[in-house]
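K.L.:
Just need the structure, nothing else, for what follows:
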Amino acid sequence: MTEFTLIKSLKNNKLLTVFSFVFVSLFICLGIWQIDRASEKSHRMQAFAEQQQKFPMQLTSLSLEWSRVFVDGAYDPMRQILIDNQIHNGKIGYKIYTPFYFENSQIILVDRGWIPQGKSRNDLPDLNFSSSNLRIIGTLVKPQRGVVAGEELITNSWPRVSQTKSTKIISSAFTEKILEMVLVLDPGSKFINEYIPITPFVITPVKHYSYAMQWFTMSIVLFGMFLYALKREKYEK
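P.N.:
Numbering: from 1, shown residues only. I've put the predicted structure just below:
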């Protein structure tokens, strides 16, 4: 197909040309975006791994997400939160968030691990325990709200059942200010239930590269179909 013939064919198929180039460009942009996401997560996962190798430092207002920290204080076992719909080893259950009072009556929610659901949703697990002052060690995470269903995000009686891990939602159950991050107890800690390892991201960088490849493949296929349509029209005339 000569340059003149190609230009003429493009002019005769303006709608097809615009459609094809818009979506080819869109697919390429989406592929590049997925590569950027993969690169960003790779760096953040490296930062997470580096933080996990460090000796725990005292919790402060400057402590970063995924930092290993220690804090001295006491639990409040009377006001605990059960994070609903937490599946572990094929079983449904809850994550336990327990308030921990430390310096100047500040509160941080502590992830004390997983506990199985009872025989029914009304059969809540027994969370009672006695706690005095102690030092706890763990990793700071910043939970996201995630996808939730229903209007009642958190129940009204203790222990409260929450449909989200978001501290912004959970803080509505307290009059005191709650720190934005949650401290995930180290395995083997006192008062911990079944420990679930921290997963920085549900979607890994490898997945993002796979998605990028899919977008690039779709752009190539669409562009090929566009050229085929132009060539077919030429021979049909």
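K.L.:
and the longest helix along the chain, what does it pack onto?
P.N.:
Using DSSP state H to define each element, the chain has its longest helix at helix 14-52. Here helix 14-52 touches helix 205-236, going by 3 or more Cβ pairs under 8 Å, 6 or more residues apart in numbering; DSSP states H and E. To be clear about C-beta, it is placed using only N, CA and C from the backbone, and glycine gets the same treatment.
K.L.:
The helix it packs on to helix 14-52, inter-axis angle?
P.N.:
Orientation check (axes from the mean of the first three to the mean of the last three Cα atoms, to 10 degrees): helix 205-236 against helix 14-52 gives 170 degrees.
K.L.:
where's helix 205-236 relative to the chain centroid, distance-wise?
P.N.:
Here the centre of helix 205-236 is set off from its chain's centre by 31 Å, with Cα atoms, centre = their mean, to the nearest Å.
K.L.:
quick revisit: need the contact partners of the helix or strand just after the longest helix of the chain.
P.N.:
Next along the chain after helix 14-52, taking DSSP states H and E as the criterion, comes strand 57-58. Applying Cβ atoms under 8 Å, 6 or more residues apart in numbering, the external contacts of strand 57-58 come out as S63, S67, R68, V69, F70, V71.
K.L.:
Only the buried residues of the helix or strand that strand 57-58 is followed by, if you could.
P.N.:
Toward the C-terminus, strand 57-58 is succeeded by strand 68-75 as the next helix or strand (DSSP H and E). The neighbour-count check on strand 68-75 (16 or more other Cβ atoms under 10 Å) flags R68, V69, V71, G73, Y75 as buried.
K.L.:
between those, which is closest to P125?
P.N.:
Nearest to P125 out of those is Y75 (Cβ to Cβ; 16.3 Å).
K.L.:
Wait, the closest one touches T98, no?
P.N.:
Yes. Look at Y75 against T98 with Cβ atoms under 8 Å: they come within range, at 5.3 Å.
K.L.:
okay, and the common contacts of these two?
P.N.:
Residues touching both Y75 and T98 (Cβ under 8 Å, 6+ apart) are V110, F191.
K.L.:
residues of stretch 97-114 that come out buried?
P.N.:
Buried, per 16+ other Cβ under 10 Å, within stretch 97-114: 97-102, 106-114.
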